[in-house]
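> sequence and predicted structure, then a few things I'm wondering about:
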Amino acid sequence: MKSEPLNSPANRISHKIRFSLVWRLNIKLFFRLLGIFLTLDVILCLVSAAGLIVHAEQTVAAVAERLNQTELPTPDAENWLELTGYSVSLQTGEPRGFQIPIPQTLRTHLSKQTASGRRSIDLPNSEGFNSWRQLEGVTYQATIDVSGRSYLISIRLQEILQIGAGMFALVMILELLMLFSSILSGARTIRRALRPIEELAETAHNLTIGGGFTPEQLEVLAGKLDGINATKLDTRIPVDDTQSELKTLASAINGMLDRINESYRSQARFVSDASHELRTPISVIQGYADLLDRWGKKDEKTLQESIDAIKDETANMKGLVEQLLFLARGDNNTMALQIERFELSVLAVEVLRETQMIDGGHEYDSSVTPVIINADKSLIKQATRILIDNAMKYTPPGKQIKVSVSSAHGYAQLTVQDEGIGIPPDAVPKIFDRFFRADESRARTTGGTGLGLSIAKWITERHGGHMEVLSRQDIGTRISIMLPTAPTE
């Protein structure tokens, strides 16, 4: 199999996916990782500062305990104390540096001798820190009262701060290295995760370009979808445990394949049934044409019989073709509705009156209440005629057909009820399928094509409504069209 050129549609799709998704996700992951590191750095600084203060307070408490037992150290001893990092002197003025406010809740955790004292931090000159050497001037100061005298305890933080700053700088360097390495490693990881989606995109693109494919090409392309091929649309995409993030996508594709498979089978049935319906009248016309060719040229009886049969079959074919064209336009959404405001009850009575003029073999009754709807009047009239024609075909002479119009719960209900042969319970869910007949043996006698109720259902649903059916064999059938009522002007 030849490799595709770099500028091929499939490669362009892969390139677009990589640069629109990979880098976008990679940037998001970069900033998320950066946010995590910054949060950890802030927490580390706060924990370090808290530990430093705790260490200083422990030193202050130990010095206060020693001052309570002995007096102020001599100058020589003071010099030795500076080697331990702190010094003690009498407080002669206000402590330098920034005062540290200590809440009362924290003072309860300090020793009794140091709880009432003041705390401050003495920083080096205000020119800023230009080197670690300037950390030498940072001291933690505590003023405490011991035996009636005020002492100033100064604790140098130079060594601890230098160690902490060095560790913090090391952590920052490691974080920067991890951030920059995550850009490359994250891109590779995302590309590997998105590779199945790229294959799906390439396959979908290849299936939509080029117009026609050989069976071999279709099998190769469909193989990229984990075993789905053009001849077995019931095959579905399996998702491994390692691809759990693609389960939603795979489920959506499987659902789409279900709809495609159902549509394909429905279309195949539709073509088969339409061919069957057209084959019968064509065969009849061809038979009578052969009859005319052999004996009907001089036999007036045969000639007239053939003409009448050909006219009847031609009319049936014309009606069937018109119904097929109607459904085809409906499936392609090329039929525009002419919406107008009218009274459904008036339309129902009008259709019923026209039916009574051409059918004298049944009794007709009506029960209507005024209901206003917004709909295509000609299409609603066509759906009503379909229901009444069905009732006429399957209701014995002398029986009653009733048309009623009412409204309830925001819907207008147009119902046609007959006293006909009824529909078997197992056939009721199928009566709206195209070319379906509950009684195939009566198809030729009634003249039906099995498309009427399909057209009525399409018209109803196109107007935002639905149909309801209730039927009992040898008792009758009641079919209702439910349409949204028009808002009050």
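That came through, no problem.

> ok, and residue 316, which helix or strand is that part of?
Using DSSP states H and E, residue 316 sits in helix 300-331.

> counting by contacts, list what that helix packs against.
Applying 3 or more C-beta pairs under 8 Å, 6 or more residues apart in numbering; DSSP states H and E, we find helix 300-331 packed against helix 247-291, helix 452-462. For every residue, glycine as well, the C-beta is placed using N, CA and C.

> following element in sequence after it, please.
strand 339-343.

> domains in the protein, by residue range?
1-223, 246-330, 336-484 (automatic domain parsing).

> what average pLDDT does the second one get?
Yep, that's domain 246-330 we're talking about. Averaged across domain 246-330, pLDDT comes to 76.

> secondary structure class of residue 140, three-state.
For residue 140, the assignment made with DSSP: H, G, I helix; E, B strand; the rest coil gives strand.

> so what sits opposite it in the bridge?
Residue 140 has the following beta-bridge partners by DSSP bridges: residue 121, residue 155.

> surely it and residue 160 touch.
No: Residue 140 lies out of contact with residue 160 (C-beta atoms under 8 Å); the separation is 9.9 Å.

> if you count surrounding residues, which of the two has more?
residue 140 (24 against 19; other C-beta atoms under 10 Å).

> residue contacts, the more buried one?
Taking C-beta atoms under 8 Å, 6 or more residues apart in numbering, we find residue 140 in contact with 52-53, 56, 119, 121, 154-155, 157.

> distance of it from residue 151?
From residue 140 over to residue 151 the distance is 14 Å, taken as C-beta to C-beta, to the nearest Å.

> next: residue 300.
143 Å.

> who has more neighbours out of these two?
residue 151 (20 against 8).

> mind checking the SS state of that one?
With three-state DSSP as the criterion, residue 151 reads strand.

> thinking it is in contact with residue 88, fair?
Yes: the criterion here is C-beta under 8 Å, and residue 151 meets it with residue 88 at 5.9 Å.

> just to revisit the earlier point, turn the helices and strands packed on helix 300-331 into JSON lines, columns for mean neighbour count and distance to residue 359.
Formatted as JSON lines, the helices and strands packed on helix 300-331 follow (neighbours: other C-beta atoms under 10 Å; distance: least, C-beta to C-beta, whole Å):
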{"stretch": "helix 247-291", "mean neighbour count": "14", "distance to residue 359": "24"}
{"stretch": "helix 452-462", "mean neighbour count": "20", "distance to residue 359": "16"}
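
> picking up where we left off before, how about a markdown table for the contacts of residue 140, with pLDDT added?
Formatted as a markdown table, the contacts of residue 140 follow (pLDDT from 0 to 100):
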| residue | pLDDT |
| --- | --- |
| 52 | 83 |
| 53 | 83 |
| 56 | 82 |
| 119 | 80 |
| 121 | 79 |
| 154 | 79 |
| 155 | 80 |
| 157 | 78 |
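
> now, among the residues you listed, which is nearest to residue 286?
Residue 286 lies nearest to residue 52 out of these, by C-beta to C-beta, at 105.8 Å.

> distance from the helix or strand that contains the closest one to the middle of the chain?
If you go by DSSP H and E, residue 52 is part of helix 23-69. Remark: helix 23-69 is offset 44 Å from the chain centroid, using C-alpha atoms, centre = their mean, to the nearest Å.

> ok and it relative to strand 149-156, angle-wise?
140 degrees (axes from the mean of the first three to the mean of the last three C-alpha atoms, to 10 degrees).

> which elements pack onto helix 23-69?
strand 86-90, helix 112-115, strand 139-146, strand 149-156, helix 158-208.

> among the domains of the chain, which is the most enclosed?
Of these, the one with the most neighbours on average (mean count of other C-beta atoms under 10 Å) is domain 336-484, at a mean of 17.

> what mean pLDDT does that domain get?
On average, domain 336-484 scores 88.

> what's the first-to-last distance across it?
19 Å (C-alpha to C-alpha, to the nearest Å).

> and if you look at stretch 354-372?
Termini of stretch 354-372 sit 21 Å apart (C-alpha to C-alpha).

> what's it in contact with?
341-345, 348-349, 352, 385, 388, 392, 395, 397-407, 412, 485-486.

> what of stretch 468-485?
With contacts defined as C-beta under 8 Å, 6+ apart, stretch 468-485 is touched by 344, 371-375, 380, 383-384, 387, 390-391, 394-395, 407, 410-424, 428, 431, 453, 456, 460, 463-467.
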